[in-house]
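Visitor: Model the structure of this input:
(2 chains)
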Amino acid sequence: DTGVSQNPRHKITKRGQNVTFRCDPISEHNRLYWYRQTLGQGPEFLTYFQNEAQLEKSRLLSDRFSAERPKGSFSTLEIQRTEQGDSAMYLCASSSGQGKSANQPQHFGDGTRLSIL
Amino acid sequence: AQKITQTQPGMFVQEKEAVTLDCTYDTSDPSYGLFWYKQPSSGEMIFLIYQGSYDQQNATEGRYSLNFQKARKSANLVISASQLGDSAMYFCAMRELYNQGGKLIFGQGTELSVKP
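Guide: Numbers count the residues shown, from 1 in each chain, chains lettered A, B, ... in the order given. Take a look at the predicted model:
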């Protein structure tokens, strides 16, 4: 049983460059979430997919951010024209369940730590 | 307004003793779930325990138990017989049922240090 996998683990890039992260959820999970975590804070929700449909986006997700889950399996998160404030840990999580299922825990990957120079 | 409040930035506990990590929440949704996660220094978020708003009994999972006081809107995590490996950040999170997407709202966390 493999867990949620995120690549890369670390990304260092210059301000203004584009970056893309990948998340492979637990295979039977139909829901996939992206969160951002800055130092000393709890994770903040960015966006959510159910299968291939992106159903919710946080106001934190500016127009420089885009996420996809083309076949309802893996997902990518792209940040264009990176800024200093984008430096954070980007966490991906997946869960199972249909409709209202508050008790399904989300299982997290190890995250991608982004550093903007 | 904060939906999840963890008032203890840091806590110390002696090995083998019990410790309680506080969490209060705010929601107008009658149906919700409360979760606790552990985040070691390596960064991964590890699910520990879940409590549903309609659950009659407090949740327990091994050495973890949840002291759920619905009227006070608190969901404190109790770790019994602390171990050195319990040293980590602990996050309380809530999912409101009206939000069918199920996003988690996290508190700011409590850093637990277990002393030998």
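
Visitor: residue boundaries of the strands in chain B?
Guide: B:4-5, B:10-14, B:19-21, B:24-25, B:32-39, B:46-52, B:60-61, B:64-69, B:74-79, B:88-96, B:105-106, B:110-115 (DSSP state E).

Visitor: Quick check: which helices or strands does the longest one pack against?
Guide: This means strand B:88-96. strand B:4-5, strand B:32-39, strand B:74-79, strand B:105-106, strand B:110-115 (3 or more CB pairs under 8 Å, 6 or more residues apart in numbering or on different chains; DSSP states H and E). Glycine gets a C-beta too; all of them are placed from N, C-alpha and C.

Visitor: and the longest one with strand B:88-96, angle?
Guide: Regarding strand B:32-39 and strand B:88-96, their directions subtend 160 degrees when assessed with axes from the mean of the first three to the mean of the last three CA atoms, to 10 degrees.

Visitor: Note down every partner strand of strand B:32-39 and its orientation.
Guide: Strand B:32-39 has the following strand partners under DSSP bridges: strand B:46-52 (antiparallel), strand B:88-96 (antiparallel).

Visitor: Over to the first one?
Guide: For strand B:4-5, sheet partners with direction are given as strand B:24-25 (antiparallel), following DSSP bridges.

Visitor: and the strands paired with strand B:32-39 as TSV, adding mean neighbour count and mean pLDDT?
Guide: Formatted as TSV, the strands paired with strand B:32-39 follow (neighbours: other CB atoms under 10 Å in any protein chain shown; pLDDT from 0 to 100):
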stretch	mean neighbour count	mean pLDDT
strand B:46-52	18	95
strand B:88-96	24	96
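
Visitor: Check what pLDDT the closest residue to chain A within chain B gets.
Guide: Taking CB to the nearest CB as the measure, the point where chain B comes nearest chain A is B:Phe106, at 3.2 Å. For B:Phe106, the pLDDT comes out at 97.

Visitor: and what of A:Gln6?
Guide: 96.

Visitor: Likewise for B:Ser74?
Guide: For B:Ser74, the predicted pLDDT is 97.

Visitor: wait, it sits on B:Asn67?
Guide: Yes: using CB atoms under 8 Å, B:Ser74 makes contact with B:Asn67 at a distance of 7.4 Å.

Visitor: Any stretches of chain B with poor pLDDT?
Guide: Residue ranges of chain B with pLDDT under 70: B:1-2, B:99-101.

Visitor: For residue 8, which non-adjacent residue is closest in space?
Guide: Reading this off chain A. Once flanking residues are discounted, A:Pro8 sits nearest to A:Thr112: 6.0 Å by CB to CB, 6 or more residues apart in numbering or on different chains.

Visitor: Oops, wrong one, chain B.
Guide: With CB to CB, 6+ apart, the residue lying closest to B:Gln8 is B:Thr110, at 4.6 Å.

Visitor: Would you enumerate the residues in contact with the one you found?
Guide: Going by CB atoms under 8 Å, 6 or more residues apart in numbering or on different chains, B:Thr110 touches B:6, B:8-11, B:21-22, B:89-90.

Visitor: Test of understanding: give the bridge partners of it.
Guide: In beta-bridge terms (that is, DSSP bridges), B:Thr110 pairs with B:Tyr90.

Visitor: Chain B contacts on chain A?
Guide: Applying CB under 8 Å from any CB of the partner chain, we find that chain A lies next to chain B at A:31, A:33, A:35, A:40-45, A:48, A:50, A:55-56, A:89, A:91, A:93, A:95, A:97, A:99-111, A:113.

Visitor: 7 Å - rerun?
Guide: A:31, A:33, A:41-43, A:45, A:48, A:55-56, A:89, A:91, A:95, A:99-100, A:102-103, A:105-108, A:110-111 (CB under 7 Å from any CB of the partner chain).

Visitor: Since that was my last question, I'll sign off now.
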